[in-house]
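**Q** please find the sequence and the predicted model below.
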Amino acid sequence: MELVVFRVDEEEFALRIANVKEVIRIPSITKVPNAPQYITGLCSLRGELLPIIDSRKLFGLPDQELNESSRIIVADIHEKKVGLVTDKVSEVISVEEAAIQEPPSSIGQADGGAIDGILILNEGKRVVMILDAERIIKAGDFDETANRQCMSTENITASETKEDEEEQIVIFNIGTGEYAFSIDYVQGIIRQPDIMKVPNTANHIEGVFSLRNQLLAVINPGRLLGVNCRQPDESSRVVIINNGSFSYGVTVDKVSQVVPVKKELLKEGGRNAICSGTEFVKGIYNLNDGKRLVMLLEPSKLISLDDVKAVMDDVEQQKTVNERTMHTVEGNDNLECVVFKLDEEEYGIDINHVQEINRISDITHFPGAPVFIDGMVNLRGDMIPILNLRKLFAIHDSGYDNSSKFLVAEYGDKRIGILIDSVSEVLRISKEYLEEAPEALKGTEQDNYIDKIAKLNDGKRIVLIINLSALLSFL
């Protein structure tokens, strides 16, 4: 048996040479939104979309930057292909089939499931783990992609006896990836405007802005796609989309170009084999002979009509509150905060540090945490601690149930969920109604956690403004 031997970290692995299509240098790789962590992305190999697996993540080995020695081994089983990133391809060796041992049953499922045998050389000083190429391919569930790989660029060219259909797409950047909308949905592209944040909305909804006297909701698609966006700068834009039912804005890092493309080049749903359940990508355009992969987004999936109505209702409620609140005045010295209740007391947090408000789901408790930390919750893949202010402030703790809510606050690089009874409103409070925390609070459980006190309605209403920096100092 002939084996292609390669290294990943300090370990040696091998694939049967019959299952190795070729070995290539690291090409340009396009990341795929919400893919499993061991999927690096997709690359184009002579017109075919090739899924790329990061062998370090697949085998639970520490991450390392790619270098000149890094290679991709293209495995091919029954016309299904996948690329496996390796640190170095070392040699091709011939061994007797009888020299291969069964892998021990104690090997964990994550990597043991892909190990077909163990080869021991040099009197036990060298161990090579032989991988099952078919299991490697199944690790990413690439059945759908593999079926499409049978249609290469040459096949597409051969089918051009049909009438060519083109569409124009607007290409833009989110993080390091390229995405697009069909120009049929694009109403305009504007510089990033002032966006008014709206509490109690989904995480991907940035807020609302006014365009020609019309309020539009604006979303951050990076949060839906699991992509890190840049901080807004001179290149940032908002693409105005009309999906046939309503209009909304989409924040992007940069709009690069508008190009005509052949519809036949769109591999619809090609990402489903990698990130099942993701509905935001309609398909992938393979451009410039495979050197450029552009993901076409589906406008009807990014935000629902119910989400838009909820945002507008919150804005209308906030406007009503501001109109009837006598102590609210316009000006840069105002403090705009989200006000919430614990028992009969009202507390406020600067709205710039409030991301969203959610209902409590399952809380994961863990030993050794401070008594005022009830546990952690999974918020779209991120585990965030849940702070119980009742325990921190020595207020009677009435517990919580499925109707309980938590407010997600962020300060610097720290993020936390805060249990609350209910949200009262959003207030814009003039500095003349704000006072420093009185000496009476010194030495109490709330010492240092209350930044200022807002006295409203001639002192009949008190709102305690929380010092978020002090509150998160334990993180």
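**A** Arrived safely.
**Q** contacting residues for residue 99?
**A** Contacts for residue 99 (C-beta atoms under 8 Å, 6 or more residues apart in numbering) come out as 119, 120. The way it works is simple: take the backbone N, C-alpha and C, and place the C-beta from them, glycine included.
**Q** tell me the phi and psi of it?
**A** Here is the backbone geometry of residue 99 (degrees, to the nearest 10): phi -80, psi -10.
**Q** and residue 118, by the same measure?
**A** Dihedral angles (degrees, to the nearest 10) for residue 118: phi -120, psi 130.
**Q** wait, it touches residue 126, no?
**A** No - counting by C-beta atoms under 8 Å, residue 118 does not reach residue 126; the two are 11.2 Å apart.
**Q** between these two, which one's more packed in?
**A** Neighbours per residue (other C-beta atoms under 10 Å) separate residue 118 from residue 126, with residue 118 holding more: 16 against 11.
**Q** may I have the beta-bridge partners of that one?
**A** With DSSP bridges as the criterion, residue 118 is bridged to residue 101, residue 129.
**Q** quick one: it from residue 53, how far?
**A** Note on residue 118: its distance to residue 53, by C-beta to C-beta, to the nearest Å, is 21 Å.
**Q** helix/strand/coil for residue 138?
**A** Taken by DSSP: H, G, I helix; E, B strand; the rest coil, the conformation at residue 138 corresponds to helix.
**Q** over to residue 311?
**A** helix.
**Q** excluding its backbone neighbours, what's nearest it?
**A** Nearest non-adjacent residue to residue 311, counting by C-beta to C-beta, 6 or more residues apart in numbering: residue 217, 4.8 Å away.
**Q** what's the answer for residue 400, then?
**A** Here the residue nearest residue 400, using C-beta to C-beta, 6+ apart, is residue 360, at 5.7 Å.
**Q** can you count the residues close to the one you found?
**A** 17.
**Q** isn't it right up against residue 404?
**A** Yes - if you go by C-beta under 8 Å, residue 360 and residue 404 touch, sitting 4.5 Å apart.
**Q** between those two, which contacts overlap?
**A** residue 419.
**Q** now do the contacts for residue 4.
**A** With the criterion set at C-beta under 8 Å, 6+ apart, residue 4 makes contact with 14, 15, 16, 17, 20, 23, 73, 89, 92.
**Q** and which of those is nearest to residue 229?
**A** residue 73 (33.1 Å; C-beta to C-beta).
**Q** helix or strand: which one has the closest one?
**A** strand 71-77 (DSSP states H and E).
**Q** which helices and strands does that strand pack with?
**A** Applying 3 or more C-beta pairs under 8 Å, 6 or more residues apart in numbering; DSSP states H and E, we find strand 71-77 packed against strand 2-8, strand 20-24, strand 80-86, strand 88-94, helix 133-139.
**Q** let's see 7 Å
**A** The contact analysis (3 or more C-beta pairs under 7 Å, 6 or more residues apart in numbering; DSSP states H and E) places strand 71-77 against strand 20-24, strand 80-86, strand 88-94, helix 133-139.
**Q** what's the closest of these to residue 189?
**A** Per C-beta to C-beta, nearest to residue 189 of the helices and strands packed on strand 71-77: strand 80-86, 35.6 Å.
**Q** listing partners with orientation, what would you give for the closest one?
**A** Sheet pairing for strand 80-86, using DSSP bridges, gives strand 48-54 (parallel), strand 71-77 (antiparallel).
**Q** how about the helix or strand containing the residue nearest to residue 311 as PDB, C-alpha atoms only?
**A** Remark: residue 217 resides in strand 214-219, with elements defined by DSSP H and E. In PDB, the C-alpha atoms belonging to strand 214-219 read as follows (Å, rounded to 0.1, in the frame of the first residue of the first chain):
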ATOM      1  CA  GLN A 214     -39.200  58.100   6.000                       C
ATOM      2  CA  LEU A 215     -37.900  56.000   8.900                       C
ATOM      3  CA  LEU A 216     -36.100  52.800   7.900                       C
ATOM      4  CA  ALA A 217     -34.800  50.000  10.000                       C
ATOM      5  CA  VAL A 218     -31.100  49.100   9.400                       C
ATOM      6  CA  ILE A 219     -29.500  45.800  10.000                       C
END
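**Q** distance of residue 45 from residue 27?
**A** Distance of residue 45 to residue 27, computed by C-beta to C-beta: 8 Å.
**Q** more neighbours, those two?
**A** Per other C-beta under 10 Å, whichever of residue 45 and residue 27 has more neighbours is residue 45, with 20 against 15.
**Q** in space, what's closest to the residue positioned nearest the centre of the chain - neighbours in sequence excluded?
**A** For the chain, the residue whose C-alpha lies nearest the mean C-alpha position (C-alpha atoms, centre = their mean) is residue 226; its distance is 1.9 Å. Spatial nearest neighbour of residue 226, chain neighbours left out: residue 34 (4.6 Å); criterion: C-beta to C-beta, 6+ apart.
**Q** isn't the residue nearest to residue 311 right next to residue 309, touching?
**A** No - Residue 217 is not in contact with residue 309 according to C-beta atoms under 7 Å; the separation is 9.5 Å.
**Q** how about the helices in the chain?
**A** Using DSSP state H, the helices found in the chain span residues 55-58, 109-112, 133-139, 143-149, 153-158, 221-225, 299-302, 305-324, 389-392, 468-471.
**Q** average pLDDT for the fourth one, rounded please.
**A** It stands for helix 143-149. Helix 143-149 carries an average pLDDT of 40.
**Q** cool, the longest one as well?
**A** Per-region confidence: helix 305-324 scores 68 on mean pLDDT.
**Q** same check, this time on the last one
**A** When the per-residue pLDDT values of helix 468-471 are averaged, the result is 84.
**Q** what distance separates that helix from the centre of its chain?
**A** 26 Å (C-alpha atoms, centre = their mean, to the nearest Å).
**Q** dump that helix to CSV, keeping only the CA atoms.
**A** Provided in CSV are the C-alpha atoms of helix 468-471 (Å, rounded to 0.1, in the frame of the first residue of the first chain):
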residue,chain,number,x,y,z
LEU,A,468,-21.4,50.0,34.3
SER,A,469,-17.6,50.2,34.6
ALA,A,470,-17.7,49.4,38.3
LEU,A,471,-20.4,46.8,37.8
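**Q** what helices or strands is that helix leaning on?
**A** strand 405-411.
**Q** report the strands that pair with the strand it packs on, each with its relative direction.
**A** strand 354-359 (antiparallel), strand 414-420 (antiparallel).
**Q** what residues sit buried inside stretch 354-367?
**A** Within stretch 354-367, the residues that count as buried by 16 or more other C-beta atoms under 10 Å are 354, 355, 356, 357, 358, 360, 363.
**Q** where does pLDDT dip in the stretch 201-350 of the chain?
**A** 213, 269-278, 290, 314-333 (pLDDT under 70).
**Q** so where do the strands sit in it?
**A** Secondary structure of the stretch 201-350 of the chain (DSSP state E, counting those that start in this stretch): strands at 205-211, 214-219, 237-242, 247-252, 254-262, 266-268, 281-287, 292-297, 335-342, 345-350.
**Q** tabulate the ones you listed (TSV), appending distance to residue 61.
**A** Output for the strands of the stretch 201-350 of the chain, formatted as TSV (distance: least, C-beta to C-beta, whole Å):
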stretch	distance to residue 61
strand 205-211	38
strand 214-219	37
strand 237-242	40
strand 247-252	35
strand 254-262	35
strand 266-268	32
strand 281-287	29
strand 292-297	27
strand 335-342	44
strand 345-350	42
